[in-house]
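**Student:** here is the input, now give the coordinates:
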Amino acid sequence: FQRLKNYLCYRIAATTQILLFVFIAVLFLNNLDDAKYNGTTFFSVPAMILVLLTIINDGTIMSIAYDKVFPNKRPEAFRIPQLIAVAMTIGLIGVIEAYLVFWSATQRAFLFSAGDFPDLEKSHATCSSMFPDCGSQTFTSCGPVNDANLADPTNGCYQCLEDACQNNLKVLKTCIYLALAMGGQFSVYAARTHKVFFSRRPGYALGLMSTAAQVVNFLLGVYWFIPGSDMSG
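**Tutor:** Just a heads-up that it's a prediction; the model follows:
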């Protein structure tokens, strides 16, 4: 019975984290430096992120069936409002963590620096050294770069700047994936106990599956070897 409650709590928390982040991102967030992607500047979460999160989380969810629990001395009962409130709180914390990563990347502060996401000034200097057709025009955001590239697709400098904008955006999406994936995996330890997450050792199956999932997430974040997903490690 306790394993079933732990499963429900983690399932609701993970769903809340993913769906709420995607909902707010699609409606209200702009791409890094307002880069245009598929004709829009709004940040979109690639379908590959949702597919990977679902597949990797399912392995951890199944291992909850073998988690280490202690039987209660009194008969157990579902407290649905309490269960939903706890699960949604855990999910909301995960959403806040993901938005902290998004804010840090777009502002190049706290968790990230300008070296992680080169700004247009640095990219313009790099492209100018490779292409003589850059001219004296400068850009402060990626939107005008996209417009200039569409107006003059043969200009190598504009194409270089556009590639820099899109590469930053692909890396940002990978950072968001890591925030959602690794934060979601860690939340299973908070969902399985009424006290602090380290108050009770997890079952070997749960610990193994969660650790394996984190290793996979880490390797994807660093190398991102899945082609055609508009993301980069």
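
**Student:** show me the shaky parts of this protein.
**Tutor:** 135-136, 197-199 (pLDDT under 70).

**Student:** residue closest to the middle of it?
**Tutor:** Among the residues of the chain, Ile176 comes closest to the average C-alpha position under Cα atoms, centre = their mean, at 2.1 Å.

**Student:** test my guess that that residue contacts Phe102.
**Tutor:** Yes: taking contacts as Cβ atoms under 8 Å, Ile176 lies within contact range of Phe102: 6.3 Å. Any C-beta I mention is one placed from the backbone N, CA and C, and that applies to glycine too.

**Student:** picking up where we left off before, and the residue nearest to the centre of the chain, what does it touch?
**Tutor:** Remark: with contacts taken as Cβ atoms under 8 Å, 6 or more residues apart in numbering, Ile176 is in contact with Phe21, Val45, Ile49, Ala98, Val101, Phe102.

**Student:** got the contact list for Gly143?
**Tutor:** Residues Asp34, Ala35, Lys36, Thr41 are the ones in contact with Gly143 under the rule Cβ under 8 Å, 6+ apart.

**Student:** change it to 10 Å
**Tutor:** Asn30, Asn31, Asp33, Asp34, Ala35, Lys36, Thr41, Cys165 (Cβ atoms under 10 Å, 6 or more residues apart in numbering).

**Student:** now a ChimeraX select for only the buried ones of these.
**Tutor:** To isolate the buried ones among those in ChimeraX, judged by 16 or more other Cβ atoms under 10 Å, type:
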select :31,33,34,35,36,41,165
